[in-house]
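# just need the structure, nothing else, for what follows:
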Amino acid sequence: MNALVASADVLIGRLAALVTDDMRAYEEVMEARRSNEGPDAMQRALTRATETPLTMAKSSLDVLTLCGSLAPHARPRTASDLGVAVALAWGALEAAALTVRANLAELPDDRFTRTVERELVDMLAQARATRERVSGILAERGRRRD
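Residues are numbered from 1 along each chain as shown. Here you go, the predicted model:
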């Protein structure tokens, strides 16, 4: 259990840092739009602005996976807390996916965009399955007494 708590602490730090990275990436896109540096500068900024929320999506999937590891051990009293963590991680992943796709739409259809889209589709499918599995475990645990 201590290893799971340590993993959660690492994820908290990673996600907090990504919020700052995402704001910087957005600022870079805005600066590229204002500058006259040309399409290459914009493509570099959009690529970075895509990679950051993609990393957020991966970290959100890691949170869901961690919740999946914890779910079989959850007591009925804590099942709702873990369920909230699942809902928040799913929401964060969906939000990151929206941002990734918005940025991909502005990039040329090249190997990077196709690779990222495939990765995102796989991540979302894995996350959806994990969310459903954990929700089922938690629903069952919530019906039991400690």
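# A41: which element?
Assigned by DSSP states H and E, A41 belongs to helix 39-70.
# list the buried residues in that helix.
Going by neighbour count (16 or more other CB atoms under 10 Å), the buried part of helix 39-70 is 41-43, 45-68, 70. Glycine gets a C-beta too; all of them are placed from N, C-alpha and C.
# stretch 111-122 now?
T113, V116, L120.
# so what's the residue positioned nearest the centre of the chain closest to, chain neighbours aside?
Nearest residue to the geometric centre of the chain (CA atoms, centre = their mean): A57, 2.1 Å. Nearest residue to A57, sequence neighbours excluded (CB to CB, 6 or more residues apart in numbering): A96, at 3.9 Å.
# and the helix or strand harbouring the one you found, how far out from the chain middle?
A96 is located in helix 76-106, with elements delineated by DSSP H and E. Relative to its chain's centre, helix 76-106 lies at 6 Å (CA atoms, centre = their mean, to the nearest Å).
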